[in-house]
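S.K.: Fold the following.
(3 chains)
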Amino acid sequence: MLERSVLPEDMDVSRVLPRSAFDRDPTTVARELLGALLCRRLPDGTLLVGRITETEAYLANGDTANHAHRGQTRRNRSMFGPPGHAYVYAIHACHCLNVVTEPPGVASAVLIRSIEPISGLETMRRLRRTHNLKVLTTGPGRLCMALAIDRMLDGEDMTRAARLWLAAGTPVPDRHVACTPRIGVSSAQDLLLRFVDRTTPYVSRRPPAH
DNA sequence: CGTAAGATTCACT
DNA sequence: GTGAATCTTACGA
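M.R.: Residues are numbered from 1 along each chain as shown, chains lettered A, B, ... in the order given. Take a look at the predicted model:
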């Protein structure tokens, strides 16, 4: 299959999201990140791009699923820093990527759970050791493996567009967005803090048809 | 220092 | 759907 070498007009990875985009409550940021572009520059110059299709918000207050709900530790330190930085942690044998939200001292974040692969697919396939598009980047651990994201990128300032950043994409209209409970967390199942683009197959779990 | 618990994934039934 | 793999972190002794 041919590598897509030129991105579509509305997928300009230089439209970097500014810090103000993340200095807001995580629920709003999670919703608005749907459709944005997750961009990764590898040490050899390879550019990997995916369109965000699934996110989750983790709240600073009253959210026992938030790693920071019992205070700062070595692992979650990044979440207490400025908005727009990455919080990357390891779980089981995988890594998960979050973007820190709200001002320093307010420990909230948005977990990026799935992307639709846009550019750099051959490299992603090699990193993931699969040719199956359906599972290439659908799931927080899978997308981190596909984009070579690990704890080295914890704390990275994503507004500087160096190794890892977010760029504006095509906004996803409300009628295409489903809100569901978060995946893999036992607490707070009553909160609808997961946001999914219902029109794409590139998500970890499809929400109910209606 | 030992142990338990995951914001997961994969192979299987 | 179910269960096992896998491994880092956190926390208490």
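
S.K.: where does chain A have low pLDDT?
M.R.: The model of chain A has pLDDT under 70 over residues A:1-10.

S.K.: Helices of that one, residue ranges please.
M.R.: Along chain A, counting by DSSP state H, helices occupy A:26-33, A:121-128, A:140-146.

S.K.: How about residues contacting the second one?
M.R.: Residues external to helix A:121-128 that are found in contact with it (Cβ atoms under 8 Å, 6 or more residues apart in numbering): A:1, A:3-4, A:42, A:46, A:48, A:117, A:131, A:135-137, A:142, A:145-148. All C-beta atoms are positioned from the backbone trio N, CA, C, and that covers glycine.

S.K.: I'd assumed A:Lys134 was in contact with A:Arg142.
M.R.: No: the criterion here is Cβ atoms under 8 Å, and A:Arg142 misses it with A:Lys134 at 10.4 Å.

S.K.: So between the two, which is more surrounded?
M.R.: A:Arg142 (20 against 9; other Cβ atoms under 10 Å).

S.K.: how close does that one get to A:Val196?
M.R.: 16 Å (Cβ to Cβ, to the nearest Å).

S.K.: ditto for A:Val110
M.R.: From A:Val110 across to A:Val196, the span is 14 Å (Cβ to Cβ).

S.K.: Show me which of these two is the more surrounded one.
M.R.: Shown here are A:Val110 and A:Val196; by other Cβ under 10 Å, A:Val110 has more neighbours (27 against 24).

S.K.: Which residue, other than its chain neighbours, is closest to that one?
M.R.: With sequence-adjacent residues excluded and distances taken as Cβ to Cβ, 6 or more residues apart in numbering, A:Val110 is closest to A:Ala30, at 4.5 Å.

S.K.: just to revisit the earlier point, any residues in contact with both of A:Val110 and A:Val196?
M.R.: Counting by Cβ under 8 Å, 6+ apart, nothing touches both A:Val110 and A:Val196.

S.K.: so A:Leu34 touches A:Thr55, yeah?
M.R.: Yes: the criterion here is Cβ under 8 Å, and A:Leu34 meets it with A:Thr55 at 6.5 Å.
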